[in-house]
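# Structure for the following, please:
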Amino acid sequence: MGHNHPRVRARTAVAAHRDGIYGCVSVTFLPQREKLRRRIVEDFEKGAGRHDDPAVYGGPPGDPGLLGPDSMSWEINADLASVAQAGLPAIVLEILHPSVVAGVQDLSNYRDDPFQRARATLGYVLSTTFGNTAAATRVIERVKHVHSFVNGIRPDGMPYRALDPELIAWVHTCIPWMILRTYAHTKRPLSREEQDRYLAEQAVIGRMGGADWVPTTAAELDDYVESMRPKLSVNAQTREFIDFLMSSPFFPDLPGPVDRQLHRFTIYAGMSRAPEWARELIGYDRPSALTRRLIDPALHLDARQLRWAVGTPRYAQLAHERAAGVRPKVAVQ
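Below you'll find the model as predicted:
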């Protein structure tokens, strides 16, 4: 490797900073990297929220939580990039059920707070996977309590209730399903046995949430999804929600045509992790040749960028310390 190779140059700059040699270069370079890292984290947290509460992820020393540090769930869900990218396709798949989208449209405040559902979904996934046993259980019970008031009539005249075990099973399943697919695309391939372990672990959360049954293996997942497809559709409420995604403030204020194109690309990219039949249902199955070429590089770049900026997420650090019997330090604000 030559002296001018980028990695050699980077190591030389770090060593020079350590040894006090041409510090004027490193003093300006390193703060810029830190500023960039902080900007990426801050931009992410604006929409996704912070998930680092010691009362949730810390707790009694030695407490493994609902799943434990040796679980596949702790490995996979520690990759914040995969969990975050799985959010959009998971939410869209959820609302393909007419009863789910009816509850969202009737009682959700997503129009006033566009990121609320994504923030709540991410918080639920992380706190139930990594939270201490009491905190994870409280989150599940709180969601069940809130959903106990979500009942109504769909536009087609069918009654719905959020605590219907079938709806809970579908909403639950969409999340680990999309996380698995996203992780395999942007992190590493998963064996069938690893997928089975992950689904079986996540099923614990699904059943605690009120589902009578959820898939616990990849084979069961495939069969379950096929059995649910006849119950899924796109109606006026689904279309309204997807149209809302096209105007959500994902980006800074941009000229109208540019803004629309970026929103369309974001949905195309997010839904690329969903099965083709789901993309066909919502009308996002025919991207242009250019969009198709850009999707995978864009998603991989986004994942690498977030992994670099975040490192090991604080929620995972706190959970591992707790499980190992270490009391978390209280951060000074």
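# So for stretch 157-167, what gets flagged as buried?
For stretch 157-167, a neighbour-count test (16 or more other CB atoms under 10 Å) marks 160, 162, 164, 167 as buried. For every residue, glycine as well, the C-beta is placed using N, CA and C.
# And the contacts of that stretch?
97-100, 102-103, 144, 147-148, 150-154, 168, 210-213 (CB atoms under 8 Å, 6 or more residues apart in numbering).
# how does it look with 6 Å?
With CB atoms under 6 Å, 6 or more residues apart in numbering as the test, stretch 157-167 has contacts from 99, 102-103, 147-148, 150-151, 153-154, 210-212.
# Mark which of the residues you listed are part of strands, please.
Taking DSSP state E, the ones among those that sit in strands are 151, 153.
# where in the stretch 151-300 of the chain is pLDDT low?
249-256 (pLDDT under 70).
# ok, 90 please
243-263 (pLDDT under 90).
# any chance you could map the helices in it?
165-186, 192-208, 218-228, 236-245, 256-271, 276-282, 289-310 (DSSP state H, counting those that start in this stretch).
# quick revisit: out of the contacts of stretch 157-167, which is nearest to M246?
Closest to M246 out of these is A102 (20.7 Å), distances taken as CB to CB.
# Local confidence estimate at the closest one?
pLDDT recorded at A102 is 96.
# swap in V330?
50.
# and what of R7?
We note a pLDDT of 39 for R7 in this prediction.
# How about T12?
38.
# Please apply the same query to H3.
On the pLDDT scale, H3 gets 44.
# Now do the contacts for the closest residue to Q85 other than its chain neighbours.
Among residues not flanking Q85 along the chain, T182 sits closest, at 4.9 Å (CB to CB, 6 or more residues apart in numbering). Counting by CB under 6 Å, 6+ apart, T182 makes contact with 82, 85-86, 273.
# Out of those residues, the closest to F130 would be?
S82 (14.5 Å).
# Ramachandran angles for the closest one?
Note on S82: its backbone torsions stand at phi -70, psi -40 [degrees, to the nearest 10].
# Tell me how far the closest residue to it other than its chain neighbours lies from F115.
Leaving aside its sequence neighbours, S82 sits nearest to Y183 (CB to CB, 6+ apart; 4.1 Å). Per CB to CB, to the nearest Å, Y183 is found 22 Å from F115.
# L66 in helix, strand or coil?
Following DSSP: H, G, I helix; E, B strand; the rest coil, the label given to L66 is coil.
# any idea of the pLDDT on it?
98.
# Could you tell me how many residues sit around it?
Residue neighbour count, defined by other CB atoms under 10 Å, stands at 23 for L66.
# got the contact list for it?
So L66 contacts 136, 204 (CB under 6 Å, 6+ apart).
# Show me which of the contacts of stretch 157-167 is closest to W177.
Using CB to CB, the contacts of stretch 157-167 come closest to W177 at A211, 13.8 Å.
# The closest one contacts W170, correct?
No - applying CB atoms under 6 Å, one finds A211 not in contact with W170, separated by 8.7 Å.
# Of the two, give the one with the bigger neighbour count.
For A211 versus W170, the count of surrounding residues by other CB under 10 Å is larger for W170: 23 against 20.
# returning to what we had before: can you tell me which of the contacts of stretch 157-167 is nearest S248?
G103 (19.4 Å).
# From G152, how far off is that closest one?
Separation of G103 from G152 (CB to CB): 7 Å.
# who's more crowded, these two?
G103 (24 against 15).
# Next, the contact list for the more buried one, please.
150, 162.
# Next one: V225 relative to S127, how far apart?
Taking CB to CB, one finds V225 at 26 Å from S127.
# and those two? which has more neighbours close in?
Set side by side, V225 and S127 show more neighbours around S127, with 22 against 19, by other CB under 10 Å.
# pretty sure that one contacts V139?
Yes - applying CB under 6 Å, one finds S127 in contact with V139, separated by 4.8 Å.
# what's the burial count for the closest residue to P61 other than its chain neighbours?
In this structure, P61 finds its nearest non-sequential neighbour in G325, 4.2 Å apart by CB to CB, 6+ apart. Counted with other CB under 10 Å, the neighbours of G325 add up to 10.
# Test my guess that G325 contacts D63.
No - G325 lies out of contact with D63 (CB under 6 Å); the separation is 9.2 Å.
# Spit out the contact partners of K187.
Counted by CB under 6 Å, 6+ apart, K187 has contacts 79, 82.
# can you check the one 4 residues further on too?
When the contact criterion is CB under 6 Å, 6+ apart, S191 has no partners at all.
# how near is it to V204?
On the measure of CB to CB, S191 and V204 end up 21 Å apart.
# who touches the helix or strand where A136 lies?
In this assignment (DSSP states H and E), A136 forms part of helix 133-147. With contact meaning CB under 6 Å, 6+ apart, helix 133-147 is reached by 56, 63, 65-66, 127-128, 162-163, 208-210.
# can you put those residues in JSON lines and add distance to R37?
Output for the contacts of helix 133-147, formatted as JSON lines (distance: CB to CB, whole Å):
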{"residue": "V56", "distance to R37": "24"}
{"residue": "D63", "distance to R37": "31"}
{"residue": "G65", "distance to R37": "28"}
{"residue": "L66", "distance to R37": "31"}
{"residue": "S127", "distance to R37": "25"}
{"residue": "T128", "distance to R37": "28"}
{"residue": "A162", "distance to R37": "39"}
{"residue": "L163", "distance to R37": "42"}
{"residue": "M208", "distance to R37": "36"}
{"residue": "G209", "distance to R37": "35"}
{"residue": "G210", "distance to R37": "40"}
